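>>> got a sequence here, can you model it:
(2 chains)
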Amino acid sequence: MNKSIFGGYHPLVNFLYFGYAILVPVFFVQPVYLALSFASALAYSVYLNHGKSARFGYGLAILLMAVSAIMNPVFNHRGVTILTYLPDGNPLTLESVLYGVCMALMIGGVILWFMSYNAIMTSDKFIYLFGRIIPAMSLIISMALRFIPHYRAQIRRIASARRGIGFDASSGGFFSRVRCGGEILSVMVTWALENGIETSDSMQARGYGLPGRTAYSNYRFDSRDKTLLCVFAVLMAASLTAIISGAASVQYFPMLIAGTVYPYAQISYACHAAACLLPLALEVREDILWRTLLGKVTTNESV
Amino acid sequence: MNLFEIRNLTFTYPERNLPALNDVSLSVAAGEFVVLCGKSGCGKSTLLRHLKTVLTPFGERSGEVLYDGRTLGSVPQREQASRIGYVLQSADNQIVTDKVWHELAFGLESLGEKTPVIRRRVAEMASFFGIQEWYEKSVTELSGGQKQILALASVLAMQPDVLILDEPTSQLDPIAAEDFIETLKKINDEIGTTIILSEHRLEGALPRADRAVVMADGQIVCAGGVSEVGLKLKELNDPMLTAMPTPMRVYLALEDQDKGGHVPQTVRDGRVYLEGKMSGGADSQRFVRPCGAHPPLRGVAGMTTEEPLIEMKDVWFRYERDGRDIVKDLALSVYPGELVCVCGGNGTGKTTMLGVITGENKYYRGRVRVFGLDPKKSDGRTLSDAGLAVLPQDPQTLFTRPTVFDNLIDVAYACAKRRPDSIRGAAPEAAHPATAKNANHITPEEVEAEVRRVCELTDTADLMGFHPYDVSGGEQQRTGLAMALLTKPKLLLLDEPTKGMDSFFKEKFAAILHRLRADGLGVLMVSHDVEFCARYADRCALFFGGDIVSEGAPREFFSGNSFYTTAANRMARGLFPGAVTADEIIESIMQG
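I've put the predicted structure just below:
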């Protein structure tokens, strides 16, 4: 996997970024903001995700975007600018097409943002952040992440063991399959309860339940995080102030009116774009840095 | 200064008549490495659990346990949590969190340590155990041995004075087990942590121990230096003698106990001793008296005339299209009545090979026939009906009902329903005239008679009323075996059956297999346990890199290997070339 630079920052910074990037287009469906968000989301997700696993995400995004972009003008006939008439006699309006495209950008953008989110916000980071708020939660989530694969493997083992003495849940009639499947679950429940005793012994033996438990994490909030957090805070504050003052006010029907209410709209767009693209910029800067370093190393070697 | 002092401890579990611990007195000095041994069920775990308050079982108790001069109960929980470290049997069950680093920090979090302190301790532990490589990994990615090391490291991060370990290697393969014991020795030597270890695999543990304690029926039989305990066991003629490491057994069998002195414990010491002993003898014409535990059931010549139960030729298997081949060009046959053992290191694909036979892993090249059926094209039911049964590594995966009896009846019924003729053929005495008319109807009496017959064979009759989880590991294994046998197999596949068995039960297990094989049951066993294979197999094979690289009768097989062989063979190499078990060395010297 690609080692992400932004992923190396403190989880709080990561979370703040994704929180902003995902929520703004969801709540403020203004065409310029949507377009900027979508373009940034696309660029960052392409940078972070490669290979097979990404294909599913892009496929889903394209599908949902197409559905939204086509369905809206087909069923929504509001708007004053009539382009043509549909076969059923209803008008096809420019406004409804635009609205469909904007919705598509919003949906696609959210999916793409989540693809990047998954690549950056590992379960560790999520647990850490929420462990800060509710300390018991972080342990519970961590234990759940431990035991789900553990139990899944055990179910596989049980199914194979039962198959070995002729109780095959994957063959035979419907009722015998259901019966074999039920037996696998019953073995699983007994096994989990019984072996859970040893788990609880192990926890108690290591002092679980003593008052004053702390939550440890590998993350440190250093000056690099502080700087980036400040930059984000300034950009996002500027962008959000503008949004609240009306930069994102928009009206699609009966005719499109956007961005005209607020005088410094261009500045707020720039702040929004900068906030959304900053992580990608950091990644690219790092890549260039390494390439030049590597160039120096190789030239030194060849000399 | 005694770290632990146990005084006249007697303990009875609720609703039991016999005490689990009977007047046990023992003291452990700071810095000692103590090994606690004895048959399974002798009270080792119960005793160890009395050394930490949160783990102490409920029941009736008298006597006292002192820790550091105070009664254990008066030592605060926080102090106990940190100073008395406890490692349990199953690595999988004692790991609580999803990431290695979090697991290392778990105990320190409980103690309420601040982040910088935890960071330092965790880093120390990771460096000491060499786990930097997998520090960030998920625990599911670790091997069994790594998991147990992690469990140990996470306890050690709390900086305990004493480590108590309850059969920590019973779920590990021999190489991982040896590494684990070696790590304990390192901790003992380099940090000075006191170690109290209960073990049934004594070959590795005893030579490293300062003191051994032997228990039986809730009492301490003898305790002291390892040599001393060996000599004492001989004097008492205690059955634990057979569980001692090979060099000790040979020495104790050949020497008088009053000779005393140092009893050899390692293969090296054993060799030195044997060489000294043999140089005195004039006769250089040493031959080894074959001393297999059971007479071989049939000669090699007999095999070729019979139809094989399994026939594998040029078999290839891999899990993924682009993955590497796990089974490569494998050829293996098993004939009726044979016990074939496939040995080999971890991750060589032995268990995968069993999956190919059961049809769970579909081979992509070659030919496999099980009773003439192609497992790739047959489902589990058809293969079971044809006579294939598998005993899994963990018999707990088989139990569906709350009593042993119900579990057995369940299997017997299912088989009787599917194959009414099979049950009749084996138990003709049960087929009384009324039902004989209706060949397809099996009466409950017939099923019960069949269950009783198998119970007698597997020695499970006494367990009938118990919940299968309440009986010991060896008994669970026997119950699993009984369930497998009730399907009327002609071929039994065993996956590491001796893991976690003590030496007494291994003998019993081999005897049961021998009885079954006399009736023509073929057994294919995958095992790490070279000592067991050498003693009881008809044929052994070494699995490496997906294929069987050498194969033969145990004697030729093991005496041809120089590393992958029994301790007895390594000890007697060059002196008694053919000897592969301790009994063979002893017999050869006594006779020769």
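>>> how about B:Val411, nearest residue that isn't a chain neighbour?
Leaving aside its chain neighbours, B:Val411 sits nearest to B:Leu486 (4.4 Å; criterion: C-beta to C-beta, 6 or more residues apart in numbering or on different chains). In this view, the C-beta of every residue, glycine as well, is placed from N, C-alpha and C.
>>> what about B:Arg369, which SS state?
strand (DSSP: H, G, I helix; E, B strand; the rest coil).
>>> next, give phi and psi for the residue nearest to it when sequence neighbours are not counted.
Ranked by C-beta to C-beta, 6+ apart and with sequence neighbours excluded, the top spatial neighbour of B:Arg369 is B:Glu311, at 4.6 Å. Dihedral angles phi and psi of B:Glu311 (degrees, to the nearest 10) take the values phi -130, psi 120.
>>> now do B:Thr10
phi -120, psi 130.
>>> how near is the residue nearest to B:Arg369 to chain A?
20 Å (C-beta to the nearest C-beta, to the nearest Å).
>>> count of neighbours near that residue?
A total of 17 residues lie near B:Glu311 under the criterion other C-beta atoms under 10 Å in any protein chain shown.
>>> same thing with A:Leu48?
For A:Leu48, the count of nearby residues is 22 (other C-beta under 10 Å).
>>> which residues does the helix or strand hosting B:Leu231 contact?
According to DSSP states H and E, B:Leu231 maps onto helix B:226-236. Contacts of helix B:226-236 with the rest of the structure, by C-beta atoms under 8 Å, 6 or more residues apart in numbering or on different chains, involve B:35, B:206-207, B:209, B:211-214, B:221-224, B:240-241, B:244, B:248, B:251-252, B:257, B:260-263, B:265.
>>> dump the residue contacts of the nearest residue to B:Ser110 once chain neighbours are set aside.
Residue nearest to B:Ser110 in three dimensions, not counting chain neighbours: A:Gly207, with 3.6 Å by C-beta to C-beta, 6+ apart. By C-beta under 8 Å, 6+ apart, the contact list for A:Gly207 reads B:Gln77, B:Arg78, B:Ala81, B:Ser82, B:Gly107, B:Ser110, B:Leu111, B:Met158.
>>> re the thing from before, quick check: the residue nearest to B:Val411 touching B:Leu408?
Yes. When contacts are counted by C-beta atoms under 8 Å, B:Leu486 is listed as touching B:Leu408 (6.2 Å).
>>> picking up where we left off before, pLDDT at the residue nearest to B:Ser110, what is it?
Per-residue confidence (pLDDT) for A:Gly207: 92.
>>> now B:Leu516
We note a pLDDT of 88 for B:Leu516 in this prediction.
>>> can you tell me how far it sits from B:Leu494?
Plainly put, B:Leu516 is 12 Å away from B:Leu494 if you go by C-beta to C-beta, to the nearest Å.
>>> give me the more crowded residue out of the two.
Under the criterion of other C-beta under 10 Å, the comparison of B:Leu516 against B:Leu494 puts B:Leu494 first, with 24 against 20.
>>> ok, and the closest non-adjacent residue to that one?
Nearest to B:Leu494 is B:Met525, by C-beta to C-beta, 6+ apart, at 4.2 Å.
>>> burial count for the one you found?
Other residues near B:Met525 number 26, with proximity taken as other C-beta under 10 Å.
>>> so who does it touch?
Taking C-beta under 8 Å, 6+ apart, we find B:Met525 in contact with B:Leu339, B:Val340, B:Cys341, B:Val342, B:Leu493, B:Leu494, B:Pro497, B:Cys533, B:Ala537.
>>> what helix or strand does it sit in?
Residue-wise, B:Met525 maps onto strand B:522-526 under DSSP H and E.
>>> next SSE after that strand?
helix B:530-536.
>>> just list what that next one packs against, helices and strands only.
Here helix B:530-536 is seen to pack against strand B:339-343, helix B:503-518, helix B:554-560, helix B:567-572 when contacts are counted using 3 or more C-beta pairs under 8 Å, 6 or more residues apart in numbering or on different chains; DSSP states H and E.
>>> A strand includes B:Gly85, no?
Yes. Assessed by three-state DSSP, B:Gly85 belongs to a strand.
>>> that one contacts B:Leu156, correct?
Yes. Because the distance of 6.4 Å satisfies C-beta under 8 Å, B:Gly85 is recorded as touching B:Leu156.
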